[in-house]
Structures are given as structure tokens and as C-alpha cells.
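Asks: Show me the folded form of this:
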Amino acid sequence: MRNFLKQWLKAQASYFFWGYVPLVLIINFGVFAVTYFRPYALQAIGVLIIITFAFVVWFNRPR
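Replies: A predicted model of the protein is given here:
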């Protein structure tokens, strides 16, 4: 039972890190970009989404 809970907690932590952290990063950067760099905000957010997606796919692949 203890091993099951450890594995479950590890899976939940991994899901949180690879799911919510990039989402929060993109939202925070979007607010910052729209506030200070309005003419370039859409392009900058798009580039960040592509880079974040590539990072998540590259580093979260099964080994």
C-alpha cells in the first residue's frame, strides 16, 4: 500500500509539474507581454507557447 501511494504521489507531482507549471508560465508571460509590449504581445506569446510545448514534449518523453 505504501509503494502504491508513493507511485501515485510521484505521478501526481509529475502531472502537476508538466501540466500546470507551463500553463501558469504562459499566462503570466501573456499578462506581462500585453501590459508592457502590446504591439508584439501576440507574436511573443505564440513563440513562447511553441517553445514551451517543444520543451515539454522533449523532456517529458518516455525513456
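Asks: where's residue 47, which helix or strand?
Replies: Using DSSP states H and E, residue 47 sits within helix 41-59.
Asks: Which elements pack onto that helix?
Replies: helix 2-36 (3 or more C-beta pairs under 8 Å, 6 or more residues apart in numbering; DSSP states H and E). For the C-beta atoms, the positions are set from N, CA and C on the backbone; glycine is no exception.
Asks: Give me the pLDDT for residue 60.
Replies: Note on residue 60: pLDDT of 77.
Asks: how much space between the residue lying closest to it once chain neighbours are set aside and residue 39?
Replies: If the residues on either side of it in the chain are set aside, residue 60 comes closest to residue 18, at 4.9 Å by C-beta to C-beta, 6 or more residues apart in numbering. Distance, residue 18 to residue 39, by C-beta to C-beta, to the nearest Å: 32 Å.
Asks: out of those two, which sits in the busier spot?
Replies: Neighbours were counted for residue 18 and for residue 39 using other C-beta atoms under 10 Å; residue 18 has more, 14 against 7.
Asks: Just the pLDDT at that one, thanks.
Replies: On the pLDDT scale, residue 18 is placed at 88.
Asks: how close does it sit to residue 34?
Replies: Relative to residue 34, and taking C-beta to C-beta, residue 18 is found at 26 Å.
Asks: Hmm, residue 33 is touching residue 40, no?
Replies: Yes: when contacts are counted by C-beta atoms under 8 Å, residue 33 is listed as touching residue 40 (7.3 Å).
Asks: While we're on residue 39, how confident is the model there?
Replies: In this model, residue 39 is scored at 93, pLDDT.
Asks: swap in the one 5 residues further on?
Replies: Per-residue confidence for residue 44 comes out at a pLDDT of 94.
Asks: ok, now which ones touch the residue lying closest to it once chain neighbours are set aside?
Replies: When the adjacent residues along the chain are set aside, residue 44 lies closest to residue 33, with 4.9 Å between them (C-beta to C-beta, 6+ apart). By C-beta atoms under 8 Å, 6 or more residues apart in numbering, the contact set of residue 33 is 40-41, 44-45.
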